[in-house]
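**Student:** Okay, predicted coordinates and the sequence, questions at the end:
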Amino acid sequence: MILSNKHKVFFCLAAVCVFFAGCAGYGRLQWSDTASQAFQNYEMTEGYRYYYSGRGNKPSSIIGIDPAYEFSPDVHWNEIAPSDFRRMVDRMFAEYNYLAAAYILDPNGKRAGVWYSYIWDAVVKFDNGRIYVFSPEPADVKGNGGSSDNRDPA
């Protein structure tokens, strides 16, 4: 079966539309020296709620979420009180001695939060005003053989 150029263009456009429709609910990380400097200077973005993943004495990631988005932390995220922010940043687990920050962007490129970690990958999903942040964590960072129960920041 030979397709005309018109049909080829139609199928290509259809494939692109299907691809983008499937990705429409996902955000991304935009790496930023400014965001890194803010964490290094212990600066919290006004109004953001902050959370950590990993062990309380050695967090692997810290995120700040814009209050315009609903965020329900699951077993991977624990809230950080503003009075504990500096201590948690100081305790960050720096794999290969490297930590970096990024802005969390929604599917339209609007800033929805901040990310600070040695981990360069995260899945950020948006659904009806709600944000979900999935961070890949190595089992040795979680403690207890991969369990997420060891999370006391004290």
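**Tutor:** Arrived safely.

**Student:** Identify the bridge partners of Ile62.
**Tutor:** For Ile62, the beta-bridge partners are Tyr52, Tyr116 (DSSP bridges).

**Student:** residue contacts, Ile65?
**Tutor:** Tyr48, Arg49, Tyr50, Tyr51, Phe71, Ile104, Ala112, Gly113, Ile131, Val133 (CB atoms under 8 Å, 6 or more residues apart in numbering). Every C-beta, even on glycine, is put in place using the N, C-alpha and C of the backbone.

**Student:** quick check, nearest of those residues to Arg28?
**Tutor:** Ile104 (8.0 Å; CB to CB).

**Student:** The closest one belongs to a strand?
**Tutor:** Yes - under DSSP: H, G, I helix; E, B strand; the rest coil, Ile104 sits within a strand.

**Student:** I figured it was touching Gly113, is that so?
**Tutor:** Yes - Ile104 lies in contact with Gly113 (CB atoms under 8 Å); the separation is 3.9 Å.

**Student:** where do the contact lists of these two overlap?
**Tutor:** With CB under 8 Å, 6+ apart, Ile104 and Gly113 have common neighbours Ile63, Ile65, Ile131, Val133.

**Student:** where does the nearest residue to Lys125 once chain neighbours are set aside land on pLDDT?
**Tutor:** Spatially, and ignoring its direct neighbours in sequence, Lys125 is nearest to Tyr132 (4.3 Å; CB to CB, 6 or more residues apart in numbering). If you check Tyr132, the pLDDT there is 94.

**Student:** from here on, count from 24
**Tutor:** All set: I'll call the first residue 24, so the last point we hit is now Tyr155.

**Student:** Assign a three-state SS to Tyr155, would you?
**Tutor:** strand.

**Student:** That one contacts Ala145, doesn't it?
**Tutor:** No - the criterion here is CB under 8 Å, and Tyr155 misses it with Ala145 at 10.3 Å.

**Student:** Show me the shaky parts of the chain.
**Tutor:** When residues are selected by pLDDT under 70, those of the chain lie in 24-47, 119, 159-177.

**Student:** need the strands for it, in chain order.
**Tutor:** 51-54, 72-78, 81-88, 101-103, 123-128, 134-140, 146-150, 153-157 (DSSP state E).
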